[in-house]
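A structural model of the following input is requested.
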Amino acid sequence: MRGCRREENADVEWRQRWVALSEFLGSVLGPDYEIVLHDVSGECPQVLAIVNAQISGRRSGAPLSALAMDFLNNRVYEDRYYQINYRGMSAVGEQLRCSTFFIKDDSGQILGMLCINFTLEKYEKFARSVTDFMERSFCFTASYADEEALLEVFPSSVEPIYERCIRQLFGESGMPARLPQIRKKQLVGLLEEEGVFQIKGAIADVAQRMGISAASVYRYLAELHMEKR
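Have a look, this model is predicted:
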C-alpha cells in the first residue's frame with residue numbers, strides 16, 4: 001500500500017510542478033506563446049494544462065495532436081530530451097514555430113510533453129515591412145556606383161566650406177597672396193556651387209577672407225551667371 005501511495009504522490013507532484021512551470025512560462029513569454037502540457041503517463045494521453053489557448057483553440061482534456069502522437073509512437077523521446085523549431089498551424093491558419101520538451105522519470109519512461117508554440121506570422125509581417133522600408137529608403141540604384149552622386153549640403157557657416165574650396169583650388173599651400181582676377185572669380189564660382197552664399201552675411205565674410213570688396217564678389221557672381229546663359 002505504501003508503495004502505491006508513493007507512486008500516486010509522485011504522479012501528483014510532477015503534474016503540479018509542470019503545471020506551475022507552464023503558467024510561469026505563459027506569463028513571462030506573453031500572449032504570442034502557447035504553452036501546452038501533455039500528460040502521456042496514462043492510457044489516454046491528453047492536454048493536462050494550456051496557457052494562451054486562443055492560439056490553437058484547444059483546452060484541457062483535448063487529445064494530442066497527430067505530430068505529438070507520432071513522437072510517442074516513434075519513441076522519439078528515447079534518444080533526446082527535446083525537439084525544437086518545427087512548424088505548426090494555429091486555429092486560424094497562422095504559422096507557428098513549435099518546440100517540445102520530453103518529461104521523463106528517472107528510468108527514462110516518458111511522463112509528459114511540454115510544448116511551446118510561438119505565433120510567427122505577425123512578426124514575419126513586421127520584418128517584411130521593415131525590410132521594404134529599408135529598401136525604399138536606403139537602397140541605391142545600380143547607376144549610383146558608376147556615376148558621381150548628387151550630394152545635398154546644408155551649410156551653416158562659411159569657414160569650413162571656404163577652407164575646403166581653397167584646398168581644392170590651391171592645394172595644401174593655400175591661396176597665394178597675389179591672386180589673378182580669373183582665379184578670384186573661379187573661387188567665387190566654386191563657393192557658390194558649394195552653397196556658401198545661402199548663408200546670411202556670406203558675401204561680406206567671403207570678401208573679407210579674399211581681401212576684396214563685397215561689390216567685387218557681387219560682380220564676379222553676376223559675370224558667372226551671365227556666362228552660364
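
which residues are contacting the helix or strand of the chain with the lowest mean pLDDT?
In the chain, no helix or strand scores lower on mean pLDDT, DSSP states H and E than helix 121-138, which sits at a mean of 75. Here helix 121-138 makes contact (C-beta atoms under 8 Å, 6 or more residues apart in numbering) with 32, 94-95. All C-beta spots, glycine's among them, are computed from the backbone N, C-alpha and C.

The same query, at a cut-off of 10 Å, please.
Outside of helix 121-138, the residues within contact range by C-beta atoms under 10 Å, 6 or more residues apart in numbering are 32, 90, 92-97, 120.

The residues you listed, buried ones only, as a ChimeraX selection?
ChimeraX command restricting the contacts of helix 121-138 to the buried ones, with burial defined by 16 or more other C-beta atoms under 10 Å:
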select :90,96,97,120
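
Keep only those of the contacts of helix 121-138 that are in strands.
Among these, the members falling in strands (DSSP state E) are 95-97.

Which one among the contacts of helix 121-138 sits at the bottom for pLDDT?
For the contacts of helix 121-138, the weakest pLDDT value sits at Val92, with 77.

rewinding a little: could I get the ones in strands among the contacts of helix 121-138 in a markdown table, plus columns for distance to Gly26?
A markdown table is the format used below for the ones in strands among the contacts of helix 121-138 (distance: C-beta to C-beta, whole Å):
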| residue | distance to Gly26 |
| --- | --- |
| Gln95 | 20 |
| Leu96 | 15 |
| Arg97 | 16 |
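
tell me which of these is nearest to Val47?
Val47 lies nearest to Leu96 out of the ones in strands among the contacts of helix 121-138, by C-beta to C-beta, at 15.8 Å.

do you know how far the closest residue in space to that closest one that isn't next to it in sequence is from Ala66?
Closest residue to Leu96 apart from its sequence neighbours, by C-beta to C-beta, 6 or more residues apart in numbering: Gly88 at 3.7 Å. Using C-beta to C-beta, to the nearest Å, one obtains 11 Å as the distance from Gly88 to Ala66.
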